[in-house]
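[1] Any chance you could fold what I've pasted below:
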Amino acid sequence: MKKQIVLAIVLALGAGKVALAETADEQQACTNDAFQLCQNFIPDRNRVFTCLVENRNQLSAPCHTVMIPYLPAEPVVALRKPAARDKSAKSKAPLNLTPH
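    Residues are numbered from 1 along each chain as shown. Coordinates of the predicted model:
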């Protein structure tokens, strides 16, 4: 039974569209992570890969090293500084049209 599970992991990490874990060492680096974090998606290699990407912060150091070339860039959220109030800008208050 254990050999079948390991075979399923190897197949999950070794086939499909995404070129992940090309060598036996790379496959081994992520096998434990796949079992621990993405067991529900085995043997679907693409879903295991997606799961590993979604759990990138929990990956072991060896698996993270293997995954780095395949990880999508994390979106950079730029904090916008509040616009400085332009003192020369017109006030947004209603115009006073009453003659003085």
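
[2] what ranges of this structure fall below the confidence cut-off?
    1-22, 74-100 (pLDDT under 70).

[3] What is the longest helix of it by residue count?
    helix 24-38 (DSSP state H).

[4] hey, where'd the strands end up in the protein?
    Using DSSP state E, no strands are assigned anywhere in the chain.

[5] show me where it has helices.
    2-14, 24-38, 45-54, 61-67.

[6] Torsion angles phi and psi at Leu59?
    phi -70, psi 150 (degrees, to the nearest 10).

[7] Surely it and Asp33 touch.
    Yes. Using Cβ atoms under 8 Å, Leu59 is in contact with Asp33, at 5.3 Å. In short, each C-beta sits where N, CA and C put it, glycine included.

[8] what touches both of the two?
    Common contacts of Leu59 and Asp33, defined by Cβ atoms under 8 Å, 6 or more residues apart in numbering, comprise Leu52.

[9] Please tabulate the helices of the chain in TSV, including the columns mean neighbour count and distance to Ala73.
    Listed next are the helices of the chain as TSV, based on neighbours: other Cβ atoms under 10 Å; distance: least, Cβ to Cβ, whole Å:
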stretch	mean neighbour count	distance to Ala73
helix 2-14	15	22
helix 24-38	18	20
helix 45-54	19	11
helix 61-67	17	13
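
[10] contacting residues around Gln39?
    Per Cβ under 8 Å, 6+ apart, neighbours of Gln39: none.

[11] now it: how far from Pro69?
    24 Å (Cβ to Cβ, to the nearest Å).
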